[in-house]
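Participant: predicted structure and sequence below. I'll ask about it afterward.
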Amino acid sequence: MNIKEEILKLKKSLDVTVVAHFYQRDEVFELADITGDSLELAKKSMEATTKFILFCGVGFMGEGVKILSPNKRVLMPKIACCAMARMIDVDYYDDNIAKLNEAGIKSEDILPITYINSSAAVKARVGQMGGLVCTSSNAYKIIQKGLESGKKILFVPDRCLGQNFAKQMNLKSAIVGDGSDLNEADIICYNGFCSVHQQFTVEDVEFYKEKYDDILIAVHPECDPSVCDVADFVGSTSQLIKYIKELPIEQKVAVGTEFNMVNRLRDKNTYILSSTKPECPTMNETTLEDLYNTLKTMEIEQDEPYESEILVSQEDAKWAKIALQRMFEI
């Protein structure tokens, strides 16, 4: 059996749109109808006219599609879990609010902002507190607007993203639990991180700068602040793609983000900013076999949930959508 041909046949016969994140394996990515970063995929899925969305990515992304397109049935070939998103749940979130309260910061003086890499339940909690969602491409604008409230920003779950944007905006940041004075900070960061982007180091930058005089360093803001400080360009997934594709092909560039995306950017003069392969393990869980098997189950329509169908409680969906809509309004 040629599994790619079988997948294409199933796609043609079913009322389905297959979407895939930039970090997916090449063989999965190539079979998608829609590709992009997490927010792009959620938006484009809203515009899809099919009854089913088959989402190749990680769990919080599938939830995002379901929240914004509640009438669509959203399935995932593999409900993989983003490690960063798993670093925070509602209990941990509430614990951090309690720590801020203990430091003398009242709940009504806190504006929570959650990176899109978080569960529907966390987004809902943020929405209930008057907060909103951000992405790595719009975080600067969202934080700037949030500061107009006069409140302390609690940024969850990625400490690096919070610290990097604080530096960019000449603001003070602190990490909950690291012993720093939370009252002195404009942006208070939850202590979460992306394990893939922690692989890139200042030593990696120095290695490439010593090897190639004219090389540029482009990294994602989920990297450690020490790495972002010495990079030539810092940007979201979509911003990195645009920046690198607009470079002359003769221009060498070392990129600090997930391997699969970097590997398909350009044919030459593009390097991985790491001595190890920075591959997201959960993004790479989805295989062609998973895609095929999920499509096969969809051949039989059923009212009850499919095994890999994404469901979000009505209450979480309500408040998470409010947090997302506040972002869209800015």
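Facilitator: All right, it came through fine. As the structure is a prediction and not an experimental result, all values here were calculated from the model.
Participant: in a strand, Gly104, correct?
Facilitator: No. Counting by DSSP: H, G, I helix; E, B strand; the rest coil, Gly104 is not part of a strand but coil.
Participant: how near is the closest residue to it other than its chain neighbours to Leu100?
Facilitator: Leaving aside its sequence neighbours, Gly104 sits nearest to Asn183 (CB to CB, 6 or more residues apart in numbering; 6.3 Å). No exception for glycine: its C-beta is placed from N, CA and C like everyone else's. Plainly put, Asn183 is 9 Å away from Leu100 if you go by CB to CB, to the nearest Å.
Participant: and the residue nearest the centre of the protein?
Facilitator: Asn117 (4.5 Å; CA atoms, centre = their mean).
Participant: that one touches Ser38, doesn't it?
Facilitator: Yes. Counting by CB atoms under 8 Å, Asn117 does reach Ser38; the two are 7.4 Å apart.
Participant: joint contacts of these two?
Facilitator: Phe60 (CB atoms under 8 Å, 6 or more residues apart in numbering).
Participant: related to what we said a few turns ago, of Asn183 and Leu100, give the one with the bigger neighbour count.
Facilitator: When Asn183 and Leu100 are compared for neighbours, Leu100 comes out ahead with 19 against 12, by other CB atoms under 10 Å.
Participant: what sits up against the helix or strand hosting that one?
Facilitator: Element membership for Leu100 (DSSP states H and E) is helix 90-102. By CB under 8 Å, 6+ apart, the residues outside helix 90-102 that reach it are 107, 110, 121-122, 125-126, 152, 154, 156, 176-177, 182, 188, 190.
Participant: and Asp214, helix, strand or coil?
Facilitator: Secondary structure assignment for Asp214 (three-state DSSP): coil.
Participant: and it, what are its phi and psi?
Facilitator: When read as degrees, to the nearest 10, the backbone of Asp214 gives phi -100, psi 10.
Participant: just Leu291 next, same as before
Facilitator: phi -60, psi -50.
Participant: Val58 now?
Facilitator: The phi/psi pair for Val58 (degrees, to the nearest 10) is phi -120, psi 170.
Participant: picking up where we left off before, how about the residue nearest to the centre of the chain, secondary structure?
Facilitator: Classification of Asn117 by three-state DSSP places it in coil.
Participant: try Val255
Facilitator: Using three-state DSSP, the structure places Val255 in strand.
Participant: pull the contacting residues for it.
Facilitator: Ala218, Val219, Leu240, Ile244, Val262, Leu265, Thr270, Tyr271, Ile272, Leu273.
Participant: what average pLDDT does the helix holding Leu100 get?
Facilitator: For helix 90-102, mean pLDDT is 97.
Participant: buried stuff in that helix?
Facilitator: Tyr92, Tyr93, Asn96, Ile97, Leu100 (16 or more other CB atoms under 10 Å).
Participant: chain center to it: distance?
Facilitator: Helix 90-102 sits 23 Å away from the centroid of its parent chain (CA atoms, centre = their mean, to the nearest Å).
Participant: returning to that earlier point: in strands only, show me the contacts of Val255.
Facilitator: The members of the contacts of Val255 that map onto strands under DSSP state E are Ala218, Val219, Thr270, Tyr271, Ile272.
Participant: state the mean pLDDT of stretch 55-63.
Facilitator: Stretch 55-63 comes out at a mean pLDDT of 94.
Participant: contacts for it, please.
Facilitator: Taking CB under 8 Å, 6+ apart as the rule, stretch 55-63 contacts 18-21, 23-24, 28-29, 32, 38, 41-42, 45, 65, 74-82, 85, 116-120, 282-283, 286, 291, 310, 312, 320.
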